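*Asks:* For reference, the sequence and a predicted model appear below.
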Protein chains: 2
Amino acid sequence: MMAKEEKKREVEVRPRNWLVPVILLSLREWNSYGYELMERTAAFGFEAMNPGTLYRTLRQMEKDGVVESEWETSRGGPARRVYSITDAGEAYLDFWAEALEQYQRNMDAFFRLYTGRPPRKDNENGAK
Amino acid sequence: MMAKEEKKREVEVRPRNWLVPVILLSLREWNSYGYELMERTAAFGFEAMNPGTLYRTLRQMEKDGVVESEWETSRGGPARRVYSITDAGEAYLDFWAEALEQYQRNMDAFFRLYTGRPPRKDNENGAK
DNA sequence: CACATATAGGTGTACGATGCATATAGAAGC
DNA sequence: GCTTCTATATGCATCGTACACCTATATGTG
């Protein structure tokens, strides 16, 4: 059990497909393209994301009908594929939000046990 | 884009490997065996878990040195493999807790944007 | 000119996590 | 003898995604 600790240095905590709701939420704010979305999604835990992952996800989301895109070529530099959220995409985002809320409750239960706090008290504030 | 919505009925929201910290936390409270852990982990989002997934995860965790086990045969019925958490396991649990806290902050950011205001009463889960 | 760099989008492949089906076995009840 | 509950486990297929790699446009620099 000595050599094994080395590979435990980092754990993957994000839920599967976490990128999808993050993209949908970002696009609900304003239309965007892949290269820009890489920066915008960084705030949600994708600091070290591989560009390929994002681009592939966007293409798949368009196939699923939750986003749509068109090329923007009327400027200097490489063309941009600009994405916007569809009605189905907004509904899907709502669906995700519900599921995520449920899971926040599970994580709250986890931390209540972890920190040893009783589950029904209300007078706790920032025990740190 | 209508036919595609059908397969969006359910999304998988749990963090990857979420079962691992849940098991470690459960075992930190008291030693337990697979069949019992199925009930105990249900409270954390594993209501419909396949037993195979749990047993496989437990064997792997023992290989990784974060739990250890011994057979309990001194009673009627099938033998139980009773697990307990190791020192490395407790350290690993702490490590997970930190990562989960980070993820919670990402989700808080998500919901602030989604709802336009912070949804949770802020508690700082004091993880050392 | 050649080249490096920033911007922009993308594919191929392999691995890991997990859902589902299935197998084994001891004890208890009808 | 058969079913059910308890208890542990493996095999296989799928899906998400990390990693490596590729193409192409425009700008700046020696």
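*Replies:* Done, it's in.

*Asks:* Do stretch A:76-83 and chain B come into contact?
*Replies:* No - shown here: stretch A:76-83 not in contact with chain B (Cβ under 8 Å from any Cβ of the partner chain), separated by at least 14.8 Å. Every residue, glycine included, has its C-beta placed from N, CA and C.

*Asks:* pull the CA atoms of that stretch into CSV?
*Replies:* Extracted in CSV, the C-alpha atoms of stretch A:76-83 (Å, rounded to 0.1, in the frame of the first residue of the first chain):
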residue,chain,number,x,y,z
GLY,A,76,-10.3,38.0,-40.6
GLY,A,77,-8.8,34.9,-39.2
PRO,A,78,-10.1,31.3,-39.2
ALA,A,79,-13.8,30.8,-39.5
ARG,A,80,-15.9,30.3,-36.3
ARG,A,81,-18.7,27.9,-35.9
VAL,A,82,-21.1,29.9,-33.7
TYR,A,83,-23.5,28.0,-31.6
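
*Asks:* which other helices and strands contact the strand or helix carrying A:Ala91?
*Replies:* Following DSSP states H and E, one finds A:Ala91 within helix A:87-115. Counting by 3 or more Cβ pairs under 8 Å, 6 or more residues apart in numbering or on different chains; DSSP states H and E, the packing neighbours recorded for helix A:87-115 are helix A:19-29, helix B:19-29, helix B:87-115.

*Asks:* Tell me which of those helices lies nearest to DNA strand C.
*Replies:* For DNA strand C, the closest of the helices and strands packed on helix A:87-115 is helix B:19-29, at 5.6 Å, according to Cβ to the nearest atom of the strand.
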